[in-house]
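> Build me a model:
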Amino acid sequence: MERERLGSRLGFILLSAGCAIGIGNVWKFPYMVGQNGGGAFVLLYLFFLLVMGIPVMTIEFSLGRASQKSPVRLYQALAPKGSKWYLHGYAAMAGNYILMMFYTTVAGWMIQYFFATAAGRFEGLDASQVGTIYDQICADPVGMVGFTSLVVVLGFFICSFSLQKGLEKVSKFMMLALLAIMVILAINSFTMDGAREGLSFYLKPDLGKMQEVGIGNVIVGAMTQAFFTLSLGMGGMAIFGSYIGKERSLLGESVNVAILDTFVAVVSGLIIFPACFTYGVEAGSGPKLIFVTLPNVFNHMPMGRLWGALFFIFMTFAALTTVLAVFENILACCMDLFGWSRKKACLVNGILMLVLALPCALGFNLLSGVHPLGGTTNFMDLEDFLVSNIVLPVGSLVFLLFVVTKKGWGWKNFMAEANEGKGLKVKNWMRGYMTYILPFLFLAIFLIGLVTYFN
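Numbers count the residues shown, from 1 in each chain. This next block holds a predicted model:
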């Protein structure tokens, strides 16, 4: 069966960026900035994105393009005979399922919040009442399962069409709409009374706040955020690498995707912080910033219902582009493994995902008494922990070792594939850095993640 191809370079960049751009950019990045000293954190984040994220993204694109396979089969095409590298392919495939077991629920939240904001449900409420709506949404098993199911069915329905007519077409529209909405929201934020204070907090490095939090903690926070924002380690980028031709070199394409990903994260802060300072909201209010704090902000804003609805449709698009990209990865793995048609893979995985997503959706209500990791944890905490702290850092480390060791694919093969076509090239001096320094950074992220989580 001939491998499907993406229709354009723009489609490839927007799809890859859509996979990387998720709720982490818009939801996690601003509150991490708020908690870690503003502009100083942003600078560190950009530095680690450059030295860690871009090299691994280039590796994933190269493995996909060279093998013309999904993550579950790429090692069989590229690894030396008799080696055990292929085991990571199954782990990467499992990681995609685990990610979607909770990410589909979060995407469902975004759709619920869009409808609630557009219908004016938050109008006239104070901060504690807005918080109560969040609790009510989580406590309703029918709503939680219903909106999670909507995301699953919609995602696999779009992916059931051909690559170009389904995934590429819809993702292009959503990504371009997302970028346009962001610019409109940012321009609106610049007109607010607290814009100057908000932008100063966001963009001006505050060394005093860094010392208060602990410089080591800020560095680790920036390192993990830069790493996780690109969704590396599960083969998400490898699959899109397998759908493109040899016209462009892959380091340049990785830089383009990273720029787009960074643009979304940075502009999210330009939208959120002026609003926080205008309406006296705590900028470092943590994960509740999106669900509790911002509806309260839109409440006090002129034409708040419009701006709130626009914000949550943008959040919905950010979530759905990631869902579609990861679903595509799952489908490609199943088509490679079992020889299924695209439609059969969508049907089987749609049913499977509806079942797999239930523990997370019900973990806030009917199963709220179950604490998988002790304390007050729920199923989302467990699934997020497995993906963020194990699958992504360990997966990235395996991909990296596969291209820098002689017992893997090898540096020469990687460099030849990555450098084919026009654009930025991988240089030979990078070999030392990627062989001896980068693996220790990934190992550090893995170990720090485990220690931090269990403390």
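
> Give me the below-cutoff pLDDT ranges for the protein.
When residues are selected by pLDDT under 70, those of the chain lie in 1-3, 27, 127, 283-289.

> pull the longest helix from it.
In the chain, assigned by DSSP state H, the helix with the most residues is helix 304-338.

> Check which residues of it are buried.
Within helix 304-338, the residues that count as buried by 16 or more other Cβ atoms under 10 Å are 304-305, 307-336. Quick note: C-beta positions are derived from backbone N, CA and C, even for glycine.

> Check stretch 250-269 too.
250-258, 260-269.

> Tell me which of the residues you listed fall in helices.
Counting by DSSP H, these contribute 250-258, 260-269 to helices.

> Might you report the residue contacts of residue 205?
Neighbouring residues of residue 205 by Cβ atoms under 8 Å, 6 or more residues apart in numbering: 37-40, 43.

> So which residues of the stretch 151-300 of the chain form helices?
Here the stretch 151-300 of the chain has its helices, by DSSP state H, counting those that start in this stretch, at 169-190, 195-203, 207-213, 215-228, 236-241, 250-278, 288, 294-300.

> Next, format the contacts of residue 205 as JSON lines and append secondary structure, distance to residue 410 and neighbour count.
Output for the contacts of residue 205, formatted as JSON lines (DSSP: H, G, I helix; E, B strand; the rest coil; distance: Cβ to Cβ, whole Å; neighbours: other Cβ atoms under 10 Å):
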{"residue": "37", "secondary structure": "coil", "distance to residue 410": "42", "neighbour count": "26"}
{"residue": "38", "secondary structure": "strand", "distance to residue 410": "43", "neighbour count": "25"}
{"residue": "39", "secondary structure": "helix", "distance to residue 410": "41", "neighbour count": "20"}
{"residue": "40", "secondary structure": "helix", "distance to residue 410": "39", "neighbour count": "22"}
{"residue": "43", "secondary structure": "helix", "distance to residue 410": "35", "neighbour count": "12"}
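
> Next one: residue 181 relative to residue 121, how far apart?
21 Å (Cβ to Cβ, to the nearest Å).

> cool, residue 416 as well?
57 Å.

> do residue 179 as well
Separation of residue 179 from residue 121 (Cβ to Cβ) stands at 27 Å.

> what do you get for residue 223?
39 Å.

> the more surrounded of the two?
residue 223 (21 against 17; other Cβ atoms under 10 Å).

> What degree of burial does the residue nearest to the more buried one when sequence neighbours are not counted show, as a neighbour count?
Leaving out its chain neighbours, the residue that sits closest to residue 223 by Cβ to Cβ, 6 or more residues apart in numbering is residue 48, at 4.8 Å. Residues near residue 48, counting by other Cβ under 10 Å, number 19.

> Am I right that residue 48 is in a strand?
No: under DSSP: H, G, I helix; E, B strand; the rest coil, residue 48 sits outside any strand and is assigned helix.

> so who does residue 200 touch?
Neighbours of residue 200 in contact, by Cβ under 8 Å, 6+ apart: none.

> Look up how far residue 35 lies from it.
Applying Cβ to Cβ to residue 200 and residue 35 gives a distance of 17 Å.

> Please apply the same query to residue 348.
42 Å.

> Equivalent analysis for residue 338, please.
45 Å.

> swap in residue 190?
For residue 190 relative to residue 35 (Cβ to Cβ), the value is 24 Å.

> Of these two, which one has the most company?
residue 35 (19 against 13).

> how near is the more buried one to residue 41?
Between residue 35 and residue 41 the computed distance is 8 Å (Cβ to Cβ).

> And for residue 47?
11 Å.

> what's the answer for residue 454, then?
24 Å.

> Have a look at these two and say which one is more surrounded.
Using other Cβ under 10 Å as the criterion, residue 454 and residue 41 rank with residue 41 on top: 26 against 10.

> give the contact list for that one.
Residue 41 neighbours (Cβ under 8 Å, 6+ apart): 32-33, 210, 218, 221-222.

> Select from these the one having the most neighbours.
Neighbour counts for the contacts of residue 41 (other Cβ under 10 Å) peak at residue 33, which has 29 neighbours.

> Helix or strand: which one has it?
Taking DSSP states H and E as the criterion, residue 33 maps to helix 29-35.

> Can you name every helix or strand that that helix contacts?
Where contact means 3 or more Cβ pairs under 8 Å, 6 or more residues apart in numbering; DSSP states H and E, helix 29-35 is packed against helix 39-48, helix 215-228, helix 250-278.

> Rebuild these as CSV, extending it with distance to residue 145.
Below are the helices and strands packed on helix 29-35 laid out as CSV (distance: least, Cβ to Cβ, whole Å):
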stretch, distance to residue 145
helix 39-48, 35
helix 215-228, 27
helix 250-278, 29
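
> and of those helices, who's closest to residue 175?
With Cβ to Cβ, the closest approach to residue 175 among the helices and strands packed on helix 29-35 belongs to helix 250-278: 8.3 Å.

> With that, I have no additional questions.
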